[in-house]
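>>> With the input below, show me the fold.
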Amino acid sequence: MRIISGFLGKRRLNLPNNMRLRPTTDQAKEGLFNILSNRYYFEELKVLDLFSGTGSIALEFISRGVQSVTIVEKNIVHFKFITGIKKDLNLSNLETYKADVFKYLEYNTEEFQLIFADPPYDLENLEEIPDILFSRNHLAENGIFILEHSGNNDFSEHQHFSEMRRYGKVHFSFFEKKTKQE
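I've put the predicted structure just below:
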């Protein structure tokens, strides 16, 4: 796994062999961050990374200078890997929670400008994630939610859906929380 850009850019992180995951490809990650860097000032973003896995997306945000990233990861092996990186790189603006994402969202009262979720593609209630996020005000006004998923899902009819980008087998659906005036 590598960090593409920013102050941690070009850094390679060796994944332990006991991690069971499907990391976001470099091509997809690069495409996603090209879109985001043309739309947002990273320094103004407070980010929530759900189903964080390796922490690759969170680290990319940190490397590009966001205010803070909060990660939520249930798997103990993945969580320990991320917290090890946090300690090794002295990342004070990375907050980590070992928790079930759905339980975390029940109790979270913080708002974020950007939320990214990369759940297992076969997660039983994957389709419910956008509704949960928008019903509980986890996203700040004019915030964006990005959901990584396979081609088996179509969110284009969701009331907050704005666009979908595809990079090989990786699909990113973008959802927006508009201001009340819009």
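>>> tell me which residues in stretch 91-103 are buried?
Buried residues in stretch 91-103, defined by neighbour count with 16 or more other C-beta atoms under 10 Å: 91, 94, 96, 97, 98, 101. Where C-beta positions appear, they are placed from N, C-alpha and C, glycine not excepted.
>>> again, but for stretch 131-145
133, 134, 138, 139, 140, 143, 144, 145.
>>> if I look at residue 70, how far off is residue 154?
Distance, residue 70 to residue 154, by C-beta to C-beta, to the nearest Å: 28 Å.
>>> do the same with residue 163
From residue 163 to residue 154 the distance is 13 Å (C-beta to C-beta).
>>> repeat for residue 77
The value you get for residue 77 to residue 154, if C-beta to C-beta is used, is 32 Å.
>>> Residue 26 now?
Applying C-beta to C-beta to residue 26 and residue 154 gives a distance of 25 Å.
>>> quick one: contacts for the residue nearest the centre of the chain?
Against the mean C-alpha coordinate of the chain, by C-alpha atoms, centre = their mean, the closest residue is residue 116 at 2.6 Å. The neighbours of residue 116, taking C-beta atoms under 8 Å, 6 or more residues apart in numbering as the test, are 47, 48, 49, 50, 57, 145, 146, 148.
>>> Swap in 7 Å and give it another go.
Residues in contact with residue 116 (C-beta atoms under 7 Å, 6 or more residues apart in numbering) are 47, 49, 50, 57, 146.
>>> can you give me phi and psi for the nearest residue to residue 86 once chain neighbours are set aside?
Counting by C-beta to C-beta, 6 or more residues apart in numbering, residue 86 lies nearest to residue 94, which is 4.9 Å off, once chain neighbours are set aside. Main-chain dihedrals, residue 94, degrees, to the nearest 10: phi -110, psi 120.
>>> show me the contacts for residue 94.
58, 62, 69, 71, 86.
>>> ok, back up a step: which of residue 70 and residue 154 has more residues huddled nearby?
More neighbours surround residue 70 than the other of residue 70 and residue 154, with 21 against 13 (other C-beta atoms under 10 Å).
>>> Quick check: can you name the pairing partners of the helix or strand containing the residue nearest to the centre of the chain and their directions?
Taking DSSP states H and E as the criterion, residue 116 maps to strand 112-117. Applying DSSP bridges to the sheet, strand 112-117 is found paired with strand 46-50 (parallel), strand 139-149 (parallel).
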